[in-house]
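Q: what shape does this take:
(4 chains)
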There are 2 protein chains.
Amino acid sequence: MQKLTAQRQAILDMINRSDKHWEADDVAYALKEEGVQIGIATVYRGLAALAEQGLIESIQLADKKRYERADKAHHDHLICTDCGNIEEFCEPEIEALQDKVAAERGFKIEGHQLLLFGLCKTCKAGES
Amino acid sequence: MQKLTAQRQAILDMINRSDKHWEADDVAYALKEEGVQIGIATVYRGLAALAEQGLIESIQLADKKRYERADKAHHDHLICTDCGNIEEFCEPEIEALQDKVAAERGFKIEGHQLLLFGLCKTCKAGES
DNA sequence: ATGCCGAATGATAATCACTATCACTATCAT
DNA sequence: ATGATAGTGATAGTGATTATCATTCGGCAT
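A: Numbers count the residues shown, from 1 in each chain, chains lettered A, B, ... in the order given. A predicted model of the protein is given here:
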């Protein structure tokens, strides 16, 4: 019952066009830049709908959500607390251990989020 | 330069008294219950200060922060998306893998957060 | 004791990401 | 065409958290 409307298609295209981790404002701004007129509420709803359909991925940071392309393998994130840059990594062994832990307690995993905070290579080098 | 004032001591005592995952409102309410008069802004500031000093632990959920006692071993969380209950687990192998991943890319880990979302044993049993 | 200074307090206003409301419109099945 | 259903967009509202600011507290030097 979710529809892929022209607005949602525009949002999806925009996100698929880069590897950025978009926040709602970014998407709205980028769309306006290229002359697509779309209300901010529609952007929020569109992002939520697309994520629910699995057409994009969402990650929840401290204060806001970010969205990214879904057409890549599952991965988690390294977030630099200095420059805010987000790196991705993939570690199947961690996923396997998560499943093990959940199985041990009868917990049914529907999703997970692993965030590593710290200093990226560049920022670490720049520290005193 | 952070001070452990009477208000902050009261917050700390309250949190240490149970294994709950407190949110700011809970703490403010519980303190008022036992006659401690304290402003909500002071609760927020106190929680932030205590967490910064390592006297309590904080975890960041989607919309709000939760705080818990710091005097137990490090652990991560299983969050039931149905009843909201939070379980804890400890899996040193996962931590080791995180360190490995970070080391591989020259990333210096300062902290991490692993949240597993899904249905707890009870809620899973209650599903159709 | 007194005065000073940085930090804390508390009432309240402000912020900010997001969600609800509501009138209107687009799409689809009959 | 008709009605049902979902989407749109402007805008108001929400809720957790943070900023503001006048006041107060706790040490420490005098």
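Q: what parts of chain A come near DNA strand C?
A: Residues of chain A lying close to DNA strand C (C-beta under 7 Å from any atom of the strand) are A:5-6, A:23-25, A:40-41, A:44, A:48, A:63-65. Every residue, glycine included, has its C-beta placed from N, CA and C.
Q: if you set the cut-off to 6 Å instead, what comes out?
A: Residues of chain A found near DNA strand C (C-beta under 6 Å from any atom of the strand) are A:23-24, A:41, A:44, A:48, A:63-65.
Q: helices - which of these land there?
A: Residues of the residues of chain A next to DNA strand C located in helices (DSSP state H): A:24, A:41, A:44, A:48.
Q: got the residues you listed as TSV, with neighbour count columns?
A: Shown next, in TSV, are these (neighbours: other C-beta atoms under 10 Å in any protein chain shown):
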residue	neighbour count
A:Ala24	19
A:Ala41	10
A:Tyr44	15
A:Ala48	16
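Q: looking at those residues, which is nearest chain B?
A: Proximity of these to chain B (C-beta to the nearest C-beta) peaks at A:Ala48, which lies at 12.7 Å.
Q: quick one, strands of chain A?
A: Under the criterion DSSP state E, chain A carries strands at the ranges A:56-60, A:65-69, A:76-80, A:86-89, A:108-119.
Q: near DNA strand D, which residues of chain A?
A: A:1-3, A:5, A:7-8, A:37-42, A:45-46, A:49.
Q: among these, who's most crowded?
A: Comparing the residues of chain A next to DNA strand D on neighbour count, A:Gly46 comes out first with 25 neighbours (neighbours: other C-beta atoms under 10 Å in any protein chain shown).
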